[in-house]
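Participant: Build me a structure from this.
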Amino acid sequence: MATAQSWKPAHAQTVTPYLIIKDCAKAMDFYKKAFGAEEVARLCSPDGKIMHGFLKFGDSNVYFCDEMDDTKCGASPSTLGNCHATMHIFVEDVDAAFKKAVDAGCTPFMPPMDMFWGDRYTRVTDPFGQGWSLATHKQDLTPEEMQKAGNEFFKNMEACPTK
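Facilitator: Below is the predicted model:
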């Protein structure tokens, strides 16, 4: 066993999302199909649950683990009934990526559209309850330009329905 050469592994970014997913193995396979992720590691407990999964999305790492019934390590979006965070992926062609994700089994949340911050943007929810946003960057805008365009966007947007 070699001594670590750094305070973080060579492959690691400083902040890495770690998602708790019910049926993690199925989810990881789905993410490879729907989003083109590459599997780096899958470490399982004796009962076959994933204790640590590692997928690479382009140049970004995301870690995964199975929801554990007998611990208080956290719950998956499907157990919670909602998603507390959305994963965001920049892609070369957001319309093609949206179609690929939906064809793989994601539910559309928002169709691809040009947004005021300069991206063509869409959102989907995967079969495991996790939200994903996909974007292709189209325009470099200053914060002032984004604010002005955002003000116009929200002025023309219908109010969110209330319960």
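
Participant: where along this structure do the helices fall?
Facilitator: All helices of the chain, identified by DSSP state H, fall at 24-35, 77-80, 94-104, 143-156.

Participant: where does the third one sit relative to the chain's centre, distance-wise?
Facilitator: Here the centre of helix 94-104 is set off from its chain's centre by 14 Å, with C-alpha atoms, centre = their mean, to the nearest Å.

Participant: Helix 24-35 and that helix, what's the angle between them?
Facilitator: 140 degrees (axes from the mean of the first three to the mean of the last three C-alpha atoms, to 10 degrees).

Participant: can you check the last one too?
Facilitator: Between helix 143-156 and helix 24-35, the angle comes out at 100 degrees (the same axes, to 10 degrees).

Participant: per-residue confidence at the nearest residue to residue 102 once chain neighbours are set aside?
Facilitator: Nearest residue to residue 102, sequence neighbours excluded (C-beta to C-beta, 6 or more residues apart in numbering): residue 108, at 5.8 Å. Using the backbone N, CA and C atoms, a C-beta is placed for each residue, glycine as well. The score at residue 108 is 98. That number is its pLDDT.

Participant: Isn't residue 108 up against residue 99?
Facilitator: No. Applying C-beta atoms under 8 Å, one finds residue 108 not in contact with residue 99, separated by 10.0 Å.
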